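> Quick one: sequence and predicted model below, then my questions.
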Amino acid sequence: MKKFFLSLLCLGFVITSCNNDDDTVIEEEVVETPEEEVPVVVDIEVQNFFWQTLNLYYFWQGDVPDLADDRFDTQTAYEEYLTENSDPIDFLENKLLFSEDRFTFYNEDYTQLVNSSAGVSKSNGLQFGLGRITGTDDLFGFVEYIVKNSNASGQDIKRGDLFIGVDGQTLTVDNYIDLLFGDNDTYALNMAEIVEGGISASDRKVTLTKSEGLVEDPIHVSNVITSGDRKIGYLMYNQFVSGSEDAMNAVFADFIAQGVNDLVLDLRYNPGGRGSTAAVLSSLIKGTNTSDLLYKTVYNAKLQAEFGSSTENYFVNTTGAFDGNSDAPLNTLNLSTVYIIATESSASASELVMVGLAPYMNVVHIGGTTVGKNQGSVLFVDDPEGGNVYDAERVENINPNVQWGLQPIISQVENSAGFTDYVDGLVPDIELSEDVTNLGVLGNADEPLFARAIQEITGVSGKRNFDVLMPVNVVSSSKLYNPRNTVLLLNNSIPVSKIPVAEKK
């Protein structure tokens, strides 16, 4: 894309003076000396990348007037429009995005988005939720879990620990993003504890340091417990990461070897990820009939006309041969009922598994109402010959002047029964919040949400009391604060050779 020059014109003067010593007005003629035009460079390459991508792929393209195909009559008019919008972020957010879009995101460095989808981040390994202290704008944090082999895993901090400040500053709704998610790589948490039914500061501090390239294993816990005559498999899966399918398959092989006849799938902290990985997990649970439709993706009118039936996504029978997977046959449990723990921190691909399985089996949802993300996205970069779709094998073709990554919503999903309306979240069959006073140990049979699932499986209530003394009531979390975590990543199967990105004429 070319660069433009805007002329800032400086006007001259005609100066008039009066001679007090003479009644005659003398008008002096002053020769105008116009100042040189000051060229201002306006670089519109990023704006062009945004507009071209959204005009073609954006799910709400037909609802945004400035993205209409007939918005500009000429290339000149188009370029003038881009030039008028000199701030790329303001242009994107205020001119191009639909008002109901909650989940489109972007980054000036596309590699940050690539790493995020692969479970690689700059992190100290502390995963936490944030709740509001009743009647105030103050927040408290509670540790959900610690990423293995992270900085936090070597510190004196564990699941269930509480904190109310960072570096001596009390956490509030106004400052928590800067304190916890800002540029400070090292910070000290001011810890807290439960005292007489409330949260009170303690003297303890825990210092944590973020490091680049932390890779989280999405399989956080897997085990098998016996309760009466039932063998119950438990899997906590925290992100749908492509390349984890072989490892999931091994977990299910172990379930089969141990005679598992019930499954509790824990997605309570899983904000989403790769749709193809969701298909593998769904098939491991339900079965591998590749004629059974798992979900369909619905695109804008232009893409839908091109795609036709290629928007259908079926159950699968192997792990696939991408991202290091071995294309191994799936070790499916062939269940008729599955128990899924999902909460207000569960989104996107997590919801897709629940919705996709529902027409084929009994899905018992335990926990809370989910986020409600029934939309899919793809990562785009400035690579017009590749249709702007990110391809790891085409990184040398990305415009060196535009390293932005744009991940817009390009589709909605619906299951085989045509159900798609869950923007308000999936409501649990058995509502049970996590309790700040008793979070329990993940994977243990007495952890409250897992224990409630076991009770539902066995039908034995016993004397267990599931009263919640202090529900978490999540305001945000280490995953949810950033919309790029709550993604349903489609399979980059857009037929870009059919629909190249082209400049306006």
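Alright, I've got the coordinates.
> Please, which helix or strand holds the residue nearest to Asp69 when sequence neighbours are not counted?
In this structure, Asp69 finds its nearest non-sequential neighbour in Asn55, 7.1 Å apart by C-beta to C-beta, 6 or more residues apart in numbering. Every residue, glycine included, has its C-beta placed from N, CA and C. Using DSSP states H and E, Asn55 falls within helix 45-57.
> next helix or strand past that helix?
helix 75-84.
> per-residue pLDDT, the nearest residue to Ser345 once chain neighbours are set aside?
Nearest residue to Ser345, sequence neighbours excluded (C-beta to C-beta, 6+ apart): Tyr269, at 5.3 Å. Listed pLDDT for Tyr269 reads 96.
> and Tyr269, what does it touch?
Gln127, Glu144, Tyr145, Met236, Asn238, Thr343, Ser345, Ser346, Ser477, Lys479 (C-beta atoms under 8 Å, 6 or more residues apart in numbering).
> ditto for Val371
Shown in contact with Val371 (C-beta under 8 Å, 6+ apart): Pro271, Glu344, Ser345, Ser346, Ala347, Ser348, Glu351, Gly425, Leu480, Thr486.
> Can you tell me what sits against the helix holding Asn55?
Residues contacting helix 45-57 (C-beta under 8 Å, 6+ apart): 1, 61, 64, 67, 69, 82, 85, 88, 91-92, 96-97, 299-300, 302-303, 378, 380, 382, 384, 387-388, 399, 401-402, 404, 406, 408, 410, 494, 499, 501-503.
> quick one, what contacts the closest residue to Phe419 other than its chain neighbours?
In this structure, Phe419 finds its nearest non-sequential neighbour in Val355, 6.3 Å apart by C-beta to C-beta, 6+ apart. With contacts defined as C-beta under 8 Å, 6+ apart, Val355 is in contact with Tyr295, Asn374, Val413, Asn415, Phe419, Tyr422, Leu426.
> Redo those residues as JSON lines? Include neighbour count and pLDDT.
Shown next, in JSON lines, are the contacts of Val355 (neighbours: other C-beta atoms under 10 Å; pLDDT from 0 to 100):
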{"residue": "Tyr295", "neighbour count": "26", "pLDDT": "95"}
{"residue": "Asn374", "neighbour count": "26", "pLDDT": "91"}
{"residue": "Val413", "neighbour count": "28", "pLDDT": "92"}
{"residue": "Asn415", "neighbour count": "21", "pLDDT": "96"}
{"residue": "Phe419", "neighbour count": "15", "pLDDT": "96"}
{"residue": "Tyr422", "neighbour count": "20", "pLDDT": "94"}
{"residue": "Leu426", "neighbour count": "23", "pLDDT": "98"}
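> Among those residues, which one lies nearest to Ile164?
Using C-beta to C-beta, Leu426 is the member of the contacts of Val355 that sits closest to Ile164, with 31.5 Å.
> ok, back up a step: quick check: what element follows the helix or strand harbouring the residue nearest to Phe419 along the chain?
Using DSSP H and E, Val355 falls within helix 349-357. Remark: after helix 349-357, the chain's next helix or strand is strand 362-367, criterion DSSP H and E.
> who's in contact with that following strand?
Under the criterion C-beta under 8 Å, 6+ apart, residues 268, 336-343, 346, 354, 357, 426-433, 449, 452-453, 456 lie in contact with strand 362-367.
> Can you measure across stretch 440-457, start residue to end residue?
20 Å (C-alpha to C-alpha, to the nearest Å).
> now stretch 68-77
First residue to last in stretch 68-77 (C-alpha to C-alpha) measures 14 Å.
> Work out the gap between that stretch and the centre of the chain.
Between the mean C-alpha location of stretch 68-77 and the chain-wide mean there is a distance of 33 Å, by C-alpha atoms, centre = their mean, to the nearest Å.
> List the buried residues of that stretch.
Phe72 (16 or more other C-beta atoms under 10 Å).
> quick check: mean pLDDT across it?
Rounded mean pLDDT across stretch 68-77 is 94.
> ditto for stretch 224-239
96.
> ok, residues contacting that stretch?
Contacts of stretch 224-239 (C-beta under 8 Å, 6+ apart): 119, 145, 216, 218-223, 248, 251-252, 254-255, 258-273, 281, 333, 442-443, 445, 450, 454, 457-458, 460.
> again, only using 6 Å
119, 218, 220-223, 255, 258-266, 269-270, 273, 442-443, 445, 454, 457-458 (C-beta atoms under 6 Å, 6 or more residues apart in numbering).
> Buried residues in that stretch, which are they?
Ile225, Arg230, Ile232, Gly233, Tyr234, Leu235, Met236, Tyr237, Asn238, Gln239.
> Could you identify the longest strand within this structure?
strand 198-209 (DSSP state E).
> Pairing partners for it, with directions?
Partners of strand 198-209 in the sheet, by DSSP bridges, are strand 186-195 (antiparallel).
> Would you quantify the distance from the residue nearest to Phe419 to Val280?
Using C-beta to C-beta, to the nearest Å, Val355 is found at 16 Å from Val280.
> now Ser478
26 Å.
> Which members of the contacts of Val355 occur in helices, if any?
The members of the contacts of Val355 all map outside helices under DSSP state H.
> the helices in this structure, which residues?
Under DSSP H, the chain gives helices at 45-57, 75-84, 88-91, 110-117, 176-181, 245-257, 275-286, 301-307, 349-357, 448-458.
> would CSV of these with distance to Ser200 be doable?
Formatted as CSV, the helices of the chain follow (distance: least, C-beta to C-beta, whole Å):
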stretch, distance to Ser200
helix 45-57, 48
helix 75-84, 55
helix 88-91, 41
helix 110-117, 36
helix 176-181, 19
helix 245-257, 41
helix 275-286, 41
helix 301-307, 55
helix 349-357, 34
helix 448-458, 23
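> Single out the most deeply packed of these.
Ranked by mean neighbour count, these are led by helix 349-357 with a mean of 27 (mean count of other C-beta atoms under 10 Å).
> can I get the CA coordinates of that helix in CSV?
Extracted in CSV, the C-alpha atoms of helix 349-357 (Å, rounded to 0.1, in the frame of the first residue of the first chain):
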residue,chain,number,x,y,z
ALA,A,349,-14.7,-24.7,22.3
SER,A,350,-15.7,-25.9,25.8
GLU,A,351,-19.3,-24.8,25.1
LEU,A,352,-19.0,-26.4,21.6
VAL,A,353,-18.2,-29.8,23.1
MET,A,354,-21.3,-29.6,25.3
VAL,A,355,-23.6,-28.3,22.5
GLY,A,356,-22.1,-30.7,19.9
LEU,A,357,-22.6,-33.8,22.1
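> From the contacts of helix 45-57, list the buried ones, please.
1, 61, 64, 67, 82, 85, 88, 91-92, 96-97, 299-300, 302-303, 378, 380, 382, 384, 387-388, 399, 402, 404, 406, 408, 410, 494, 501.
> Now do the buried residues in stretch 156-165.
Neighbour-count burial for stretch 156-165 [16+ other C-beta under 10 Å]: Ile157, Arg159, Gly160, Asp161, Leu162, Phe163, Ile164, Gly165.
> And the fifth one, what's its pLDDT?
Meaning Leu162. Taking Leu162 on its own, its pLDDT is 97.
> measure the closest residue to it other than its chain neighbours to Asp266 for me?
Leaving aside its sequence neighbours, Leu162 sits nearest to Ala192 (C-beta to C-beta, 6+ apart; 4.3 Å). Separation of Ala192 from Asp266 (C-beta to C-beta): 26 Å.
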